[in-house]
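> With the input below, show me the fold.
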Amino acid sequence: MAAMRTPPYKLLATRAAGAELECLVQGIHAADSEIPGIGADKTTVKAFSERWCDITGKSAQTGKQMRIHELTQVNPPKWPTGAIRLAMAADLELLYSWMRGFADDTGITHVRRPEDWVPAAVESQQVYLWDDNGPVSMAIWGHVTNNGVSIRGVYTPHDQCNRGYASAIVASVSQIWLGRGKRFACLFTDLANPTSNHIYYELGFRPVVEVDDYLFD
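Numbers count the residues shown, from 1 in each chain. Got it, this is the predicted structure:
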């Protein structure tokens, strides 16, 4: 059992039940009784939220409903024109704009200013672009473990959608890391977005666990 929080964001927790869950609730309440919400697997988050509301008098509402997917082998998509490349310093202004577009499209309200972290991500070669006579889509790899890598920040501007660019860049970044010896790539999807869930399923991503957000008033 473990939990973490970076203010002002919500609490994130691993699976817990019974005495472990009660210990988690009491410990978090003693440390920070004003957490804005929690994200965890469906069973844990519901039980935590009910107990949290019991002892704080707050009410909870369901926020985003997400799903973690895992890919161990890429199903090649129908490749569009263009090719993958690393983002460069010359792309920074475009990336700032795209990250703001990503936040708007995904409904993320608490987000770091892209100017505060994107330059470092570009310098460390975490940001990839699909380039078709100019950048048309992006994907960012994030946390790396001994066995896997997470992919985030997948974004295609609206005027470039439905051309296969997102599928191509996610497939390519995933294959890069599988080729480096990682066993899997993983990512989150919003269950309210059937298009992205279908795209990733076609590439070979399979559901691992569903994760809900509960927000406290």
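
> Only C-alpha atoms from now on, for both contacts and neighbour counts.
Will do.

> Which pLDDT does the model give the residue nearest in space to the middle of the chain?
By Cα atoms, centre = their mean, the chain has its centre lying nearest to F188, at 4.5 Å. Predicted confidence (pLDDT) for F188: 92.

> Who does it form a beta bridge with?
Going by DSSP bridges, F188 is paired in beta bridges with I68.

> Can you verify my assumption that it contacts I68?
Yes - assessed by Cα atoms under 8 Å, F188 is found in contact with I68 at 4.6 Å.

> got the domain boundaries for the protein?
3-58, 70-210 (automatic domain parsing).

> Out of these, which gets nearest to K64?
In terms of Cα to Cα, the element of those nearest to K64 is domain 70-210, at 7.1 Å.

> Now do the end-to-end distance for that closest one.
12 Å (Cα to Cα, to the nearest Å).

> In contact with C186, which residues are there?
When contacts are counted by Cα atoms under 8 Å, 6 or more residues apart in numbering, C186 is found next to I68, H69, E70, L71, G148, V149, S150, I151, F205.

> Only the buried subset of those, as a ChimeraX command please.
In ChimeraX, this line selects whichever of these come out buried by 16 or more other Cα atoms under 10 Å:
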select :68,69,70,71,148,149,150,151,205
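
> Any chance of the contacts of C186 in CSV with pLDDT, secondary structure and distance to D32 as columns?
What follows is these, written out as CSV (pLDDT from 0 to 100; DSSP: H, G, I helix; E, B strand; the rest coil; distance: Cα to Cα, whole Å):
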residue, pLDDT, secondary structure, distance to D32
I68, 95, strand, 27
H69, 97, strand, 31
E70, 98, strand, 33
L71, 98, strand, 36
G148, 98, strand, 32
V149, 98, strand, 31
S150, 97, strand, 29
I151, 97, strand, 30
F205, 98, coil, 36
